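> Predicted coordinates and the sequence they were generated for:
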Amino acid sequence: MTSRLIVNSIRHTGSSADAITLDNSGNATFPANVTCSGTASGFGGGKILQVVESAAISSQVTTSSTTFQDTGISVSITPSASTSKILVLAVGSAYIQGTGYNVKGEIRVLRDSTEITRTDHGYDSANSSFGARLALSFNMSRLDTPNTTSSITYKTQIRVAGTNYSPDIRVPSLFNNSDGGKYGGSRIQLLEIGA
């Protein structure tokens, strides 16, 4: 046997306004705040469920290795649902230097041990006898699908792509200048997006 309550509005006995109103199509309107003690479902996707951000590194990281090295920029997140996507935003600054031209460095982002995106930069010196330095910024984004509710860690790594002209690649730390401005401060920000 099915029971049915047919009304067009619901109001608390101590209130002067309706808490819920219903139209002829069955659409409900909640004019005030709604509190859910469980998990809300069936409301469509695209919700930002949580945002986490890495801390700025406290000292510069430098490598001349052709093997990727950690920068110390990392942040962990525990997705609230296995269907969630993680929008990964990795931004910051670095520079490559060497004694000559055509030197290249690479920056990548990992989810745990899996590479999810990468960028690379190179430069040519007009006169290699003076050496060269290339300041660069990086801005990488990736909509990742980790398919887990376990904690996962995203981090950046750097390397040089060759050994000619003694290159190295460096990621500076966050620092303050004399007028109070802040520079450096490479970071990863993660946004969990509900399915």
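Noted; the coordinates are in hand.

> Can you name the next helix or strand after the lowest-mean-pLDDT helix or strand in the chain?
Of all the helices and strands that make up the chain, strand 182-183 has the lowest average by mean pLDDT, DSSP states H and E, namely a mean of 54. The first helix or strand that comes after strand 182-183 along the chain, using DSSP states H and E, is strand 187-193.

> helices and strands around that next one, which ones?
strand 48-53, strand 69-77, strand 85-98, strand 152-160 (3 or more C-beta pairs under 8 Å, 6 or more residues apart in numbering; DSSP states H and E). In short, each C-beta sits where N, CA and C put it, glycine included.

> least reliable of the ones you listed going by mean pLDDT?
For these, mean pLDDT drops lowest on strand 85-98, to a mean of 91.

> unless I'm mixing things up, residue 117 is touching residue 138, no?
No: at 10.2 Å, residue 117 and residue 138 do not qualify as touching, with contact defined as C-beta atoms under 8 Å.

> Have a look at those two and say which one is more surrounded.
Using other C-beta atoms under 10 Å as the criterion, residue 117 and residue 138 rank with residue 138 on top: 21 against 15.

> what about the host helix or strand of that one, average pLDDT?
Assigned by DSSP H and E, residue 138 belongs to strand 132-144. Averaged across strand 132-144, pLDDT comes to 84.

> All further residue positions should be reported with the first residue as 619.
Noted, 619 is the first residue going forward, which turns the last one into strand 750-762.
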